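>>> when you get a sec, could you give me coordinates for this:
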Amino acid sequence: DMALLVITDNRFEEHEQQLAEQLKKLETPFLVIHNKRDEVALTPDLKEKLTATYNCPVIDFSTREDNTTPILDALKSVWKKDNAPKSLIGDLLTPGDIVLLITPIDSEAPAGRLILPQVQMIRDILDNRCVSIVLQPEEVTSFLEKTGIRPRLAIADSQVFKKVAAIISPEIPLTSFSIVLARHKGNFKAYLAGTPRIEELKEGDRILMLESCSHHVSCEDIGRHKIPRWLQEHTGKNFQFDFIVGLDAITRPITDYAMVIQCGGCMITGKQLKNRLQPAIDAGIPVSNYGMTIAYLHGIFERATKELTDFKF
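Next comes the predicted model:
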């Protein structure tokens, strides 16, 4: 989200210039700290040059001193307020609305708890003075029939999209946790444009699957097993899949891939996710995320994204 570029001895050479240019390209705010001023002080000429070139704070500092106030003040000054977390679905809701959260419990579900996107959604609904109702897919039909409740929005785990879409009335807006995160984290327009390009995939193409967390993999794993299987069944073609966990380096050139599919990204920041996908977007490689890919493969892409595309993101 931010960077500290630390230098000493008034040296700002090719390596530092490359780092600064890369940060500018990534739109990552940064400040320059000239350390060890107790040994060599920052020259006024270098400070003026760096300030003018990069439009960032330049601080003369020594770790032998206790006063970190200048650094903290500088961090606050360069922080972009629009980087602050925004509500997941607050702009879709009015206080008192009911949101149906459909969360299957299978071998992938952690024992005794919900996964992070589900917890985040419940908190966001509460923060917006609304009501969340959490249930498993098998309970949806009887619950709606018995209560007569018409939720403002239904949010399902992507892997049960097909089942849920068949039992929830088309009049009730439906999306997934993953698609909501895609909108919240950014790259939403790129996902919308990239997902339908599944139809352009060719036999033997290589697809990059990006998982932003490490977890135990089972035969029901959505990214390792279900999406690859559904993709090949839908297209009738065989693909090669590479899986990258967390923020591990992508070892192949990004141009080796015909498509990149990112998970919801609940474990990383929007800035990390954007920077992760930007090389593929710059190279013209279609990008999608788990929820949008699954919605497309199950024929409900338009329905699953409509409610979110009707609002600004």
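
>>> what segments of the stretch 101-250 of the chain are strands?
Listed in chain order, the strands of the stretch 101-250 of the chain (DSSP state E, counting those that start in this stretch) span 131-135, 153-156, 174-176, 206-211, 240-245.

>>> for residue 73, which of those is the nearest?
Nearest of the strands of the stretch 101-250 of the chain to residue 73, taken as CB to CB: strand 206-211 at 36.2 Å. C-betas here are computed from N, CA, C, even on glycine.

>>> pretty sure residue 99 is in a strand, no?
Yes - under DSSP: H, G, I helix; E, B strand; the rest coil, residue 99 falls within a strand.

>>> show me the contacts for it.
89, 93, 121, 125, 130-133, 151-155 (CB atoms under 8 Å, 6 or more residues apart in numbering).

>>> for residue 130, what are its contacts?
For residue 130, the contacting residues are 93, 94, 95, 96, 97, 98, 99, 152, by CB under 8 Å, 6+ apart.

>>> likewise residue 132?
98, 99, 101, 121, 122, 125, 126.

>>> let's see 7 Å
Residue 132 is in contact with 99, 101, 122, 125, counting by CB atoms under 7 Å, 6 or more residues apart in numbering.

>>> can you pull the domain assignment for this structure?
Domain assignment for the chain, taken from automatic domain parsing, gives 3-83, 90-181, 187-297.

>>> quick one: closest of these to residue 308.
Using CB to CB, the nearest of these to residue 308 is domain 90-181, at 6.2 Å.

>>> what stretches of the stretch 101-250 of the chain score poorly on pLDDT?
For the stretch 101-250 of the chain, the stretches flagged by pLDDT under 70 are 107-109, 214-220.

>>> at 50 instead, please
Confidence mapping of the stretch 101-250 of the chain against pLDDT under 50 gives the ranges 218-219.

>>> what about the helices in it?
116-127, 140-147, 161-167, 177-185, 188-194, 227-235 (DSSP state H, counting those that start in this stretch).

>>> ok, now which ones touch residue 267?
116, 212, 213.

>>> of those - the most surrounded one?
Counting neighbours by other CB atoms under 10 Å, residue 212 comes out on top of the contacts of residue 267 with 19 neighbours.

>>> shouldn't residue 301 be in contact with residue 294?
No - at 9.2 Å, residue 301 does not count as touching residue 294 under the criterion of CB atoms under 7 Å.

>>> now that we have the contacts of residue 99, which of them are buried?
Neighbour-count burial (16 or more other CB atoms under 10 Å) applied to those gives 89, 93, 121, 125, 130, 132, 133, 151, 152, 153, 154, 155.

>>> between the contacts of residue 267, which is nearest residue 59?
Ranked by distance to residue 59 (CB to CB), these are led by residue 212 at 32.8 Å.

>>> just to revisit the earlier point, turn the strands of the stretch 101-250 of the chain into a markdown table, columns for distance to residue 32.
Output for these, formatted as a markdown table (distance: least, CB to CB, whole Å):
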| stretch | distance to residue 32 |
| --- | --- |
| strand 131-135 | 46 |
| strand 153-156 | 44 |
| strand 174-176 | 42 |
| strand 206-211 | 32 |
| strand 240-245 | 32 |
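
>>> and among those strands, the most buried is which?
Burial of the strands of the stretch 101-250 of the chain is given as mean neighbour count (mean count of other CB atoms under 10 Å); strand 174-176 ranks first at a mean of 27.

>>> okay, now the sheet partners of that strand, with direction.
strand 153-156 (parallel) (DSSP bridges).

>>> tell me how far the residue of the chain positioned farthest from its centre lies from residue 6.
The outermost residue of the chain relative to its centre, with distances by CA atoms, centre = their mean, is residue 39 at 43.3 Å. As judged by CB to CB, to the nearest Å, residue 39 and residue 6 stand 14 Å apart.

>>> closest one to residue 307 among the domains of the chain?
When these are compared by CB to CB, domain 90-181 sits nearest residue 307, at 4.0 Å.

>>> and the closest one, end to end?
13 Å (CA to CA, to the nearest Å).

>>> now swap in stretch 135-143 and tell me
With CA to CA applied, stretch 135-143 spans 9 Å between its terminal residues.

>>> can you convert the domains of the chain into CSV and add a column each for distance to residue 309?
Output for those, formatted as CSV (distance: least, CB to CB, whole Å):
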stretch, distance to residue 309
domain 3-83, 20
domain 90-181, 10
domain 187-297, 7
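
>>> what about the residue lying closest to residue 254 once chain neighbours are set aside, which SS state?
Nearest residue to residue 254 in three dimensions, chain neighbours excluded: residue 279, at 4.8 Å (CB to CB, 6 or more residues apart in numbering). Assigned by three-state DSSP, the conformation of residue 279 is helix.

>>> and if you look at the one 5 residues further on?
The local conformation at residue 284, judged by three-state DSSP, is coil.
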